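predicted model and sequence follow; I will ask about them next.
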Amino acid sequence: MRVALFSDTYHPQVNGVARTLKRLTNHYEKRGIEYKVFVPDPQEKKGSYPNVHSFTSFPFFFYPECRTAIANPKTIEKQLKDFSPTLIHVTTPLTMGLYGVRGAKKMNLPLAASYHTHFDLYLNYYKMMWVNPLLWKYMKWFYSQADRIFVPSNETKLHLEKQGFTDLSIWGRGVDCQTYSPERRSSELRKKYNIDKKYILLYVGRLAPEKDLDTLEKTIQHLPQKLKDQVQWVIVGDGPMKNELMEKTKLEDVVFTGYVTGDELAEVYASSDLFVFPSASETFGNVVLEALASGLPAVVADKGGVTNIVDHDQTGRIAEAHQYPSFIHHIEEILQEDRLPDMKRKALQIAEEQSWDTIFDQLIVEFREIIFYRNQRQMFG
């Protein structure tokens, strides 16, 4: 099997999709599967990467972490022919995804598509709901080209089925329990930011409207004073709302770290006590699983893929989406009833069952099925 992967985001960009795809290509290497990646030029060049074809790009206005590429389709066609893939995998419905669809049609190749982002839910946060009917029309056309569509959670599968999508299959997400582990806990975080509060409450993610930072801000501001005196907030990430959130919480105990990755991120997770993630627009929510693996129970919204990760009252709590009093209620109960040790133990058990190897191997099995069925159809009509 030789896979040509088309995406508008990839390593070294820092987002859930880019990190998942880099893990996938690492797994291909581990399993001896040849691959080529077709992506926009990253904004910041950090060395070249093997097997990667990149093209001139500019930020996608709606989601700057994704970059829109400009490429000569004939160049891509030649690169594809030279590689001779047995399957094309498109992961974003932007320009690189379109080049991938075109390549699959031109070469009559099996096409797998994966759905990673609820762009329709983002529209509400960007005051662009008028685009919704057009967006769904386009999304249905784009994904209808694929032999099979892979989604990260059952919640996302139901979301797309309501829109009339078919041929859906769940490709879940895993977590590296060696990287993310309670053993990474250290006093460095407290020393670095001069933290002396009893509890560290953590948020990790893009600082943008679709993460429902309004609910996070109000949760921080309206915690009861007795609890405020015991709590330090740590916000990890960057994005268009960073300055606004800093300004609105400047009178509270909040540390903004900016982007943090790798071992340093693992240490921040493990050195915190509770993960708070109000986003209601996630297709999965990798950061929530990373938190569980680090021994952090999570308080999340009751909408989106995060609901498939957190087991209410076992590995955390599921609060009402967009309702900061609900988030406060659950944070209070977990901390004041000393639920952390029990939830921490259960969070670790759940995370340890989510092996990336198992998840990626299952995806490869399904890719082989797609190739097999396509070949059967071509042979027998």
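On my side now, so go ahead.

okay, now the unreliable bits of the protein?
Under the criterion pLDDT under 70, the flagged ranges of the chain are 43-49, 59-67, 120-128, 381.

work out which residue lies at the spatial centre of the protein.
The centroid of the chain falls nearest to Gly16 when counting by C-alpha atoms, centre = their mean (3.1 Å).

okay, now the closest residue to that residue other than its chain neighbours: neighbour count?
Spatial nearest neighbour of Gly16, chain neighbours left out: Asn286 (4.4 Å); criterion: C-beta to C-beta, 6 or more residues apart in numbering. To be clear about C-beta, it is placed using only N, CA and C from the backbone, and glycine gets the same treatment. For Asn286, the number of neighbouring residues by other C-beta atoms under 10 Å comes to 22.

make 649 the first number, not 1, from now on.
New numbering, starting at 649: the last item is Asn934.

for Leu922, give me phi and psi.
Note on Leu922: backbone dihedrals following degrees, to the nearest 10 are phi -150, psi 140.

outline the domain layout of this structure.
Structural domains assigned to the chain are 650-822+1003-1028, 830-1000, following automatic domain parsing.

single out the most deeply packed of these.
Per-residue neighbour counts averaged over each of the domains of the chain give the maximum for domain 830-1000, namely a mean of 19 (mean count of other C-beta atoms under 10 Å).

quick one, strands of the stretch 849-998 of the chain?
Along the stretch 849-998 of the chain, the stretches classed as strands by DSSP state E, counting those that start in this stretch are 879-884, 902-906, 922-925, 946-949, 964-967.

list the contacts of the fourth one.
What it means is strand 946-949. 860, 863, 922-928, 933, 936, 939-940, 954-955, 957-958, 963-970, 975, 978-979, 982, 995 (C-beta atoms under 8 Å, 6 or more residues apart in numbering).

what strands flank it, and is each parallel or antiparallel?
Looking at strand 946-949 with DSSP bridges, its paired strands and their directions are strand 922-925 (parallel), strand 964-967 (parallel).

out of the strands of the stretch 849-998 of the chain, which gets nearest to Ala794?
Ala794 lies closest, by C-beta to C-beta, to one member of the strands of the stretch 849-998 of the chain: strand 946-949, at 29.2 Å.

show me how far that closest one is from its chain's centre.
In terms of C-alpha atoms, centre = their mean, to the nearest Å, the centre of strand 946-949 is found 15 Å from the chain centre.

quick one on the thing from earlier: tabulate the strands of the stretch 849-998 of the chain (CSV), appending distance to Met1027.
Compiled in CSV, these are given as follows (distance: least, C-beta to C-beta, whole Å):
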stretch, distance to Met1027
strand 879-884, 52
strand 902-906, 55
strand 922-925, 49
strand 946-949, 48
strand 964-967, 49
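
and the ones you listed: which comes nearest Tyr1021?
Tyr1021 sits nearest to strand 946-949 of all these, at 37.0 Å, using C-beta to C-beta.

ok so, going back, possible to save the strands paired with strand 946-949 as CSV with distance to Met991?
As requested, those are arranged in CSV below (distance: least, C-beta to C-beta, whole Å):
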stretch, distance to Met991
strand 922-925, 9
strand 964-967, 6
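
Phe1008: which of those is closest?
strand 922-925 (24.7 Å).

and the strands in the stretch 699-848 of the chain, which stretches?
With DSSP E, counting those that start in this stretch as the criterion, the stretch 699-848 of the chain has strands spanning 700-703, 705-707, 715-717, 735-738, 759-762, 796-799, 816-818, 847-852.

list the contacts of stretch 777-791.
Contacting residues not belonging to stretch 777-791 are listed as 741, 745-746, 749, 761, 763, 767-768, 771, 797, 811-813 [C-beta under 8 Å, 6+ apart].

which of those residues sit farthest apart?
Of all pairs drawn from the contacts of stretch 777-791, the one with the longest distance (C-beta to C-beta) is Val749 and Leu771, at 22.9 Å.

show me how far stretch 664-683 is from its chain's centre.
Shown here is stretch 664-683, whose average C-alpha point lies 15 Å from the average C-alpha point of the whole chain (C-alpha atoms, centre = their mean).

tell me how far the closest residue to Trp881 other than its chain neighbours lies from Ile848.
By the measure of C-beta to C-beta, 6+ apart, the closest residue to Trp881 outside its immediate chain neighbours is Val902, 4.4 Å from it. Taking C-beta to C-beta, to the nearest Å as the measure, Val902 falls 11 Å from Ile848.

find residues that contact each of the two.
When C-beta under 8 Å, 6+ apart defines a contact, the residues bordering Val902 and Ile848 alike are 881-882.

which residues touch the residue nearest to the centre of the chain?
Contacts of Gly664 were listed using C-beta under 8 Å, 6+ apart, and they are 764, 932-935.

show the backbone phi and psi for it.
Reported as degrees, to the nearest 10, the phi and psi values for Gly664 are phi -60, psi -40.

for the residue lying closest to Leu742 once chain neighbours are set aside, helix, strand, or coil?
Taking C-beta to C-beta, 6+ apart, and ignoring the residues beside it in sequence, Leu742 has Asp656 as its nearest neighbour in space, at 4.3 Å. Three-state secondary structure (criterion: DSSP: H, G, I helix; E, B strand; the rest coil) places Asp656 in coil.
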